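1. Dropping a prediction and its sequence here:
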Amino acid sequence: MTDLPLLVTHSGSFHCDEAFAYVVLRLALGLREPGKDHRLVRTRDAEIIAQGDYVWDVGLTYDPATHRFDHHQRGAPVREDGTPFSAAGLIWQHHGEAALRALLRPEGAEGMAPAIAAELDGGLIRRIDEVDNGTARSREPMDLASLVGDCNLTWDTPAEGRQAAEDAAFLEAVALLEGVLRRRVSVMRSRMAADALVVAAHGASADPRVLELERGMPWKNVVFSHELPVLFAIYPVPNGNWMVDAMPPEPGSFAQRLPLPESWAGLQEAALAAESGVPDAVFVHVRRFVGGARSRAGAVEMARRTIKLAGL
């Protein structure tokens, strides 16, 4: 047991930053379970802190060479814009990419680690820093910091056995955060993988305004980032139909660059086939942002007829 690496953070109530930092360290160092491949001690005892192989959010020292990552002392590091780092932010700067490589390795996507690390640092990690240091402009009742805060013991928890109960609650928060990180990284990996596929599919599409995809995947952000002239995307869905999905004019918008025809809105099956002239047309949403057909050719034809009716 004593030969296992010693990881140390502070005892008592915990916050999102030290719990998230522990998630990152475990992934980066290839550690799985305290007591089996490492020791985790939550304490404020200076002697124990001095013995730690990795220490974060306690100890009043920031020294990556000796694996010390506290941010409470005078002169603690800040971001380029002056935003103070939390323990999570400090750990991320030095171990974030290694943690991501561990998560991405099963998919053979380790090369995405730097790009994902940078994007997470500008969003999720920075947010943890801001909330922990009190520089966030606002707080959401269900943000990560609040969810982790709810994992803490209540004030009226009996004193007997409290330390052990706090340590167990801390590990519950860690499990929550690890799940969040894993899902976020999976989504980002998938999105980045889709980028090349969408660009290639656009190049192969007969009409640059009609993006023909072999399967559903994130495509709208790719269209924005590459400034593609897409009006509709065509792709299959599990029930065997093919979707006609309208492109919004800007990220987050519920409008469309070109909606499906008003005369098709809300129609289904035979009524839609008769009105649209597409025999296997299945439906058009009443808001005209999406429709479907039973075949790829039918979906493409719905898009083409919409463009023609608009005089484009």
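-> Here it is on my side, so go on. Predicted, not measured: the structure shown is a model, and the values here were computed from it.
2. List the contacts of the closest residue to Asp245 other than its chain neighbours.
-> Excluding the flanking residues, the one nearest Asp245 by Cβ to Cβ, 6 or more residues apart in numbering is Ala233, at 4.7 Å. Just so you know, the C-beta spots here come from the backbone N, C-alpha and C atoms, and that holds for glycine as well. Contact analysis of Ala233 by Cβ atoms under 8 Å, 6 or more residues apart in numbering lists Val210, Leu211, Glu212, Leu213, Trp219, Lys220, Met243, Val244, Asp245, Met247.
3. ok, now how distant is the residue positioned nearest the centre of the chain from Arg294?
-> Most central in the chain under Cα atoms, centre = their mean is Arg184, positioned 2.8 Å from the mean C-alpha point. For Arg184, the distance to Arg294 (Cβ to Cβ, to the nearest Å) stands at 36 Å.
4. tell me what the longest helix seen in the chain is packed against?
-> Secondary structure assigned by DSSP state H gives helix 162-204 as the longest helix of the chain. Counting contacts by 3 or more Cβ pairs under 8 Å, 6 or more residues apart in numbering; DSSP states H and E, helix 162-204 is packed against helix 16-29, strand 39-42, helix 87-104, helix 113-120, helix 144-149, strand 210-212, helix 220-225.
5. Report the inter-axis angle for that helix versus helix 87-104.
-> Using axes from the mean of the first three to the mean of the last three Cα atoms, to 10 degrees, the inter-axis angle of helix 162-204 relative to helix 87-104 is 60 degrees.
6. and helix 162-204 with helix 113-120, angle?
-> Orientation note: helix 162-204 sits at an angle of 110 degrees relative to helix 113-120 (the same axes, to 10 degrees).
7. can you give me the offset of helix 162-204 from its chain's centre?
-> 5 Å (Cα atoms, centre = their mean, to the nearest Å).
8. And the average pLDDT for that helix is what?
-> For helix 162-204, mean pLDDT is 95.
9. That helix to helix 16-29, inter-axis angle?
-> Interaxial angle of helix 162-204 relative to helix 16-29 (the same axes, to 10 degrees): 70 degrees.
10. Who are the contact partners of the residue lying closest to Ala165 once chain neighbours are set aside?
-> For Ala165, ignoring the flanking residues on the chain, the nearest one in space by Cβ to Cβ, 6+ apart is Leu153 at 5.9 Å. Applying Cβ under 8 Å, 6+ apart, one finds that Leu153 lies in contact with Ser13, Arg162, Ala165, Glu166, Ala169.
11. Tell me the secondary structure at Leu153.
-> Secondary structure, DSSP: H, G, I helix; E, B strand; the rest coil: Leu153 is coil.
12. Now do the phi/psi pair for it.
-> phi -70, psi 150 (degrees, to the nearest 10).
13. Tell me the pLDDT of it.
-> Leu153 is assigned a predicted lDDT (pLDDT) of 95.
14. do you know how far it is from Ile128?
-> Shown here: Leu153 relative to Ile128, a distance of 22 Å by Cβ to Cβ.
15. hang on, the earlier thing: give me whichever of the helices and strands packed on helix 162-204 is most buried.
-> helix 16-29 (a mean of 25; mean count of other Cβ atoms under 10 Å).
16. From Val300, how far out is Asp207?
-> Going from Asp207 to Val300 by Cβ to Cβ gives 8 Å.
17. And those two? Which one has more around it.
-> Taking other Cβ atoms under 10 Å, Asp207 and Val300 do not tie; Val300 has more neighbours (21 against 15).
18. For the residue nearest to the more buried one when sequence neighbours are not counted, which residues are in contact?
-> Closest residue in space to Val300, ignoring its immediate chain neighbours: Ile234 at 5.6 Å, by Cβ to Cβ, 6+ apart. Going by Cβ under 8 Å, 6+ apart, Ile234 touches Val210, Leu211, Glu212, Leu213, Trp242, Met243, Val244, Asp245, Arg296, Ala299, Val300, Ala303.
19. Does the residue of the chain most remote from its centre fall in a helix, a strand, or a coil region?
-> Note on the chain: the largest C-alpha distance from the chain mean falls to Ala274, namely 43.5 Å (Cα atoms, centre = their mean). Recorded secondary structure, Ala274: helix (three-state DSSP).
20. how deep is Gly266 tucked in, by neighbour count?
-> Gly266 has 13 nearby residues by other Cβ under 10 Å.
21. in which helix or strand would I find the closest residue to it other than its chain neighbours?
-> Excluding its sequence neighbours, the residue lying closest to Gly266 (Cβ to Cβ, 6+ apart) is Val286, at 4.0 Å. Assigned by DSSP states H and E, Val286 falls within no helix or strand.
22. What's the local residue count around the nearest residue to Pro77 once chain neighbours are set aside?
-> Of all residues not flanking Pro77 in the chain, Phe85 sits nearest, at 5.5 Å (Cβ to Cβ, 6+ apart). Neighbours of Phe85 under the rule other Cβ under 10 Å: 24.
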